[in-house]
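Peer 1: Mind folding the following:
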Amino acid sequence: MFSTKRACPSCGRSFAELDPRLFSFNSRHGWCESCYGTGVEMPGFDEQQSGEELWWNEWYAHTPEACGACHGQRLNPTALSVRFRERSIAQLAGESVAAGAAFFARLRLGTRERQIARDLLAEIRARLKFLERVGLGYLQLDRAAPTLSGGEAQRIRLAAQLGSNLQGVCYVLDEPTIGLHPRDNQILLESLSELAGHRNTLVVVEHDEETIRRADHVLDLGPAAGVRGGEVVGAGTVQDLTGNPRSTTGRFLREPLLHPAQPHRAVNAATPLLTLERVTLHNIKGSDIRVPLGRLVVITGVSGSGKSTVARDVLYANLRRLLAENAPAGKRRRRAAGTQLIGCDAVRGLEHVDRVLEVDQTPIGKTPRSCPATYVGFWDEIRRIYAGTTEARIRGYSASRFSFNTAGGRCEACEGQGVKTIEMSFLPDVKVLCDVCGGRRFNSETLSVLWREASIGDVLAMNVDDAVGFFAAHPRVHHALKLLQDVGLGYLTLGQPSPTLSGGEAQRIKLVTELSKVRDDVARGPRQRPKHTLYVLDEPTVGLHMADVEKLIHVLHRLVAAGNTAVVVEHNLDVMAEADWILDLGPEAGDGGGRIVAQGPPGEIARRRKRSHTGRVLDDFLRERTRDVAPAE
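Peer 2: Have a look, this model is predicted:
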């Protein structure tokens, strides 16, 4: 029976006329009344909150459970009961951008439907096309914003602007190529060119070589970093920049890196392996992942192919649970047998690895008391140097007197932070230099103790480059400072507050800390085997200039040369070319990815150009950037 009143003739239940708001999970008319349109269990969340509050995005990072009422579909039962081509709107939104575009491309409508959907279909198809053009075809249409990477969110905004057809707008983009495979990079650059072609201006902050080469006008800042930078070194075309002797960027464009920097380490039957058996998580389709140990291993593939799933969600997550500091191999095997693994059936080769560490770009400290000197660990040695001076011994000062984290020698006005926080009503808090110590962190009595005519406060204010010479006679301090200099952080001051460091700076400081441990292992002597550490790095070149990428490559080689393994998720071709072993996932993103397309040394991957996007771009790259080196023993 059919009713013209949208009411059931048996029970009398009726429904309001369908309204677009019914199909929006941001409207009270459409959202699930249990989760208020979030699709997840969020205790404490109600209709008075937008979900945009900062504290919810911290909470969302812990992978919440799906809502039990709507099963993650976000809408109420009435909205979910409406079907178009046998699908609810939630089922359609659960498709990827590429699948959604295919659905609307093959959609055939009747005469009445065509009249209704004429303008709507044109808009839908155009917006889906723009999302595909910026390399986001793998994303689900209903993907929650907190789960997007910074690069994905930026490209979504770019796709929205491509569809706006605005003119005379100045767009500012900060490193839009972050997280993009070179294949997708070309797609992005074409989109930017189209945006500029609509009489718009694009100001792009970028380190990517191809983006720089395609720019109409380049502004190069430098000549170095920190206090040694801040000047406009060059301005003009790329040709102008390559001819500028002061421009570091110009030098790398003129004389790009040649590869490999050192012979590749061979992977053969004698190489120990760490194997993840039958990985099935997200879009990974039951593959066996083999990681050769004692090698620089790079995981590649187009954006969304499953690289981070393998490296972080399966490899790192399982090793972190299975490995215990100083636990014997037998105990580790028993632990592995009784541990519920994440995303794989078994982990083999665990006996070859002692510890696992993810070296990411998260801050090294949350308070101004944390700084490079304390994090790397040579500040204690500096405190002992000052405690050993004649003046300190006469006064009875121990090393604790020269700590800004404990009372006694620090400035109590700022409690050793060097800054004071001023609370502003209705505005963010403001930090100002302490007016008592002037930012030097210590009281006047402590600052009166001098070593080589410098106080402990002066040392904190030194940059790394100056401190290398200052502590040349103290091997432990000098070694750590030299490592900081080697990774391109010579411009940082020893006491720079950790919250002011960029993600790339924080990551390189963590690498320096690990390199300093390599020296400690060597100092123990040959009788004690150095610990084999497996390092996991997810796109460490983010935010790095070409000169910094070169330094990063040297650091990775040093870690591996010390008997460790580095597993690096990366899109940067310079890093790929230096790998001992490449694991290429794909061939596409999302459901079209998750398989091992190719694996082997860079030359082997380059020979797979017909089936691998990485192979194609790597082959072109190596033809221009390969140097002749003898193979490694």
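Peer 1: who touches Leu18 in this structure?
Peer 2: Residues near Leu18 by CB atoms under 8 Å, 6 or more residues apart in numbering: Val82. The way it works is simple: take the backbone N, C-alpha and C, and place the C-beta from them, glycine included.
Peer 1: And it, what's its pLDDT?
Peer 2: According to the prediction, Leu18 has pLDDT 90.
Peer 1: List the buried residues in the lengthiest helix in the chain.
Peer 2: The longest helix of the chain (DSSP state H) is helix 111-133. By neighbour count on 16 or more other CB atoms under 10 Å, the buried set for helix 111-133 is Leu121, Ile124, Arg127, Leu128, Lys129, Phe130, Leu131, Glu132, Arg133.
Peer 1: Same check on stretch 225-242?
Peer 2: Here stretch 225-242 shows Ala225, Gly226, Val233, Gly234, Val238, Leu241, Thr242 as buried, counting by 16+ other CB under 10 Å.
Peer 1: what's the answer for stretch 590-610, then?
Peer 2: Here stretch 590-610 shows 590, 592-602, 605-606, 608-609 as buried, counting by 16+ other CB under 10 Å.
Peer 1: So which of the residues you listed are in strands?
Peer 2: Among these, the members falling in strands (DSSP state E) are Arg595, Ile596, Val597, Ala598, Gln599, Gly600.
Peer 1: what sits against the first one?
Peer 2: In this structure, Arg595 makes contact with Lys285, Ser287, Leu585, Gly586, Pro587, judged by CB under 8 Å, 6+ apart.
Peer 1: Contacts only, for the nearest residue to the first one once chain neighbours are set aside.
Peer 2: If the residues on either side of it in the chain are set aside, Lys285 comes closest to Gly594, at 4.8 Å by CB to CB, 6 or more residues apart in numbering. The neighbourhood of Gly594, defined by CB under 8 Å, 6+ apart, consists of His282, Asn283, Ile284, Lys285, Ser287, Ser305, Gly306, Thr309, Leu585.
Peer 1: Turn those residues into a markdown table, columns for pLDDT, distance to Pro9 and secondary structure.
Peer 2: Below are these laid out as a markdown table (pLDDT from 0 to 100; distance: CB to CB, whole Å; DSSP: H, G, I helix; E, B strand; the rest coil):
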| residue | pLDDT | distance to Pro9 | secondary structure |
| --- | --- | --- | --- |
| His282 | 87 | 47 | coil |
| Asn283 | 89 | 48 | coil |
| Ile284 | 92 | 52 | coil |
| Lys285 | 87 | 50 | coil |
| Ser287 | 91 | 56 | strand |
| Ser305 | 90 | 54 | coil |
| Gly306 | 92 | 52 | coil |
| Thr309 | 92 | 52 | helix |
| Leu585 | 96 | 57 | strand |
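Peer 1: Pull out the buried members of these.
Peer 2: His282, Asn283, Ile284, Ser287, Ser305, Gly306, Thr309, Leu585.
Peer 1: if we can go back for a sec, tell me the spacing between the residue nearest to Lys285 and Leu276.
Peer 2: 14 Å (CB to CB, to the nearest Å).
Peer 1: same thing with Ser88?
Peer 2: 37 Å.
Peer 1: Find me the pLDDT at Tyr60, would you?
Peer 2: For Tyr60, pLDDT reads 54.
Peer 1: next one: Ser303
Peer 2: 84.
Peer 1: in which helix or strand would I find it?
Peer 2: In this assignment (DSSP states H and E), Ser303 forms part of neither any helix nor any strand.
Peer 1: Spit out the contact partners of the closest residue to His282 other than its chain neighbours.
Peer 2: Nearest non-adjacent residue to His282, counting by CB to CB, 6+ apart: Thr309, 4.8 Å away. Shown in contact with Thr309 (CB under 8 Å, 6+ apart): Leu281, His282, Asn283, Ile284, Gly343, Gly594.
Peer 1: switch the cut-off to 7 Å
Peer 2: Contact analysis of Thr309 by CB atoms under 7 Å, 6 or more residues apart in numbering lists Leu281, His282, Ile284.
Peer 1: From the neighbour counts alone, determine which of Ser88 and Leu276 ranks first.
Peer 2: Leu276 (24 against 17; other CB atoms under 10 Å).
Peer 1: buried residues in stretch 193-213?
Peer 2: Leu195, Asn200, Leu202, Val204, Glu206, His207, Asp208, Glu209, Thr211, Ile212.
Peer 1: Next: stretch 489-505.
Peer 2: 489-498, 501, 504-505.
Peer 1: where in the stretch 151-300 of the chain is pLDDT low?
Peer 2: Of all residues in the stretch 151-300 of the chain, none has pLDDT under 70.
Peer 1: now the stretch 301-450 of the chain
Peer 2: 324-338.
Peer 1: Could you do the stretch 451-600 of the chain as well?
Peer 2: In the stretch 451-600 of the chain, residues with pLDDT under 70: 519-529.
Peer 1: For it, just list every one of the helices.
Peer 2: Per DSSP state H, counting those that start in this stretch, the stretch 451-600 of the chain carries helices over the ranges 456-461, 464-470, 475-486, 503-523, 546-561, 573-578.
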